[in-house]
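Visitor: Next comes the sequence, and after it the predicted model I'd like to discuss.
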Amino acid sequence: PYVALIVARREGRRVPLWLALVVASGAAVGFALKHYFIGVPLLLELWLLVCLRRHWRPVRPETVMLLMGAISYVLAIVTVTPGYLQVSVPELLLAYGASGAPSLNYMIRPAQPIWVLILCAIVLQRSVTAQPLAPMTVAFLIAALGFFLAWLIQHKVWPYQSIATTGFLALAMAMTPVDASRQAFTRPRMIAV
């Protein structure tokens, strides 16, 4: 929903205040799951800035809600669970730092070849249709990039860390037939494979 909200902003569509707040509330909780996920809303915002240029507004209901969520999360940790920062974080840094992939080739699991296949399918489909990707597809790819960066920065071999990247790439791939159908008599041949 947050990606769709950003796409609506990019396209200049009116988004009801209540909807922006509800979507951003859910996104704030999701992005708070891991601090590494901060790259996703930042990359989407950067894309929105590049697309809208002078019409871009940093203060919108969803950005305010995300910021409020982040501040509330930090305040809750500091006030409700101060031991987390004093005890748990040092322990986590020790345990988390002791585990991880010695090199990038250890991080390659079944998900990563799937990422390559999905990207190849999208490129092939685009070359067949010879038209630009729709904003929703681009936004899904940008979100996938944000989750990919989180996966890369964490540098672990835990399969669950690949799920978000795989999911957003799959959503982008699912959008390519929609992109292709925008042009008359174009069939999404490559993506079907």
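Guide: Cool, got the structure. Numbers count the residues shown, from 1 in each chain.

Visitor: Show me the helices in this structure, by range?
Guide: For the chain, the helices defined by DSSP state H occupy 2-10, 17-31, 39-52, 61-80, 82-83, 89-98, 111-129, 135-154, 163-181, 189-192.

Visitor: what about the residue nearest the centre of the chain, distance to Y96?
Guide: Centroid check for the chain by Cα atoms, centre = their mean gives A143 as the closest residue, at 2.5 Å. To Y96, A143 is 25 Å away according to Cβ to Cβ, to the nearest Å. In this view, the C-beta of every residue, glycine as well, is placed from N, C-alpha and C.

Visitor: again with L66
Guide: 25 Å.

Visitor: the more surrounded of the two?
Guide: Each of L66 and Y96 has its neighbours counted (other Cβ atoms under 10 Å); L66 has more, 21 against 12.

Visitor: What are the contacting residues of stretch 133-153?
Guide: Defining contact as Cβ atoms under 8 Å, 6 or more residues apart in numbering, one finds that stretch 133-153 is touched by 3-4, 6-7, 10-11, 34, 36-37, 39-44, 47, 51, 107, 115, 122, 126, 161-162, 164-165, 168-169, 171-172, 175-176, 178-179, 182.

Visitor: For that stretch, list every residue counted as buried.
Guide: Buried residues in stretch 133-153, counting neighbours by 16 or more other Cβ atoms under 10 Å, are found at 133-151.

Visitor: where does this structure have low pLDDT?
Guide: Scanning the chain for pLDDT under 70 picks out 97-106, 157, 179-193.

Visitor: For A143, see how far away the residue lying closest to F31 once chain neighbours are set aside is.
Guide: In space, and not counting its chain neighbours, F31 is closest to F37: 4.6 Å by Cβ to Cβ, 6 or more residues apart in numbering. In this structure, F37 and A143 are 10 Å apart, going by Cβ to Cβ.
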